[in-house]
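[1] Generate coordinates for the sequence data below:
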Amino acid sequence: MQGNKDGCKEWPIEGESTLSWHGKPLDYMPFVYKHPDYWKVIEQETKGTGNMLCSRKLFDDSEKAYNLTEKEMIKVENICGKLCLIGADDDTLWNTGKYIRRIDERLKKTPHKCDYEVLVYKIRHSFCVP
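    Residues are numbered from 1 along each chain as shown. You can find the predicted model right below:
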């Protein structure tokens, strides 16, 4: 949720998915941080700028605290066509390199029809000012 609540500009809604498919909420990994700690972590990570592109701690800490199951995984093996996975290990929003490697492993173990390519860089090359 976005707005202004107790001086916070954003906060997770307990029990609500941030993504839906055909109008139905998708299973998800909940954030480990609740209101107001969620925004406090963003403030610390972004050095007060509120730039959500620099809030990787939210995702890293949430994944450490949550035991991911198959129902939270995106069924990438159902993708048809060309899939190009590009990211960097030093992404400041989420652990892109780790997630791309996870997708790669899933596709290696699961029958699929997509043609895919993996490119993971150690350092991201920014096309915009961070």
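
[2] all strands for this structure, in order.
    2-5, 8-10, 20-21, 24-25, 82-88, 115-121 (DSSP state E).

[3] Now for the closest residue to Met73 other than its chain neighbours: which residues touch it?
    Spatial nearest neighbour of Met73, excluding adjacent residues (CB to CB, 6 or more residues apart in numbering): Arg106 at 7.3 Å. In short, each C-beta sits where N, CA and C put it, glycine included. Remark: with contacts taken as CB atoms under 8 Å, 6 or more residues apart in numbering, Arg106 is in contact with Met73, Val76, Glu77.

[4] Which helix in this structure has the most residues?
    For the chain, the helix with the greatest residue count under DSSP state H is helix 96-109.

[5] what about dumping the CA coordinates of that helix to CSV?
    Output of helix 96-109 as CSV, limited to C-alpha atoms (Å, rounded to 0.1, in the frame of the first residue of the first chain):
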residue,chain,number,x,y,z
THR,A,96,18.9,-11.3,-9.6
GLY,A,97,21.9,-13.5,-10.2
LYS,A,98,20.7,-16.0,-7.7
TYR,A,99,17.1,-16.0,-9.1
ILE,A,100,18.3,-16.4,-12.7
ARG,A,101,20.5,-19.4,-11.6
ARG,A,102,17.4,-20.8,-9.8
ILE,A,103,15.4,-20.5,-13.0
ASP,A,104,18.3,-22.1,-15.0
GLU,A,105,18.4,-25.1,-12.6
ARG,A,106,14.6,-25.5,-12.8
LEU,A,107,14.7,-25.6,-16.6
LYS,A,108,17.5,-28.1,-16.5
LYS,A,109,15.4,-30.4,-14.3
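
[6] Skip the chain neighbours and tell me the closest residue to Lys64.
    Val32 (7.7 Å).

[7] tell me the contacts of that neighbour?
    Counted by CB under 8 Å, 6+ apart, Val32 has contacts Asp61, Ser62, Lys64, Ala65, Tyr66.
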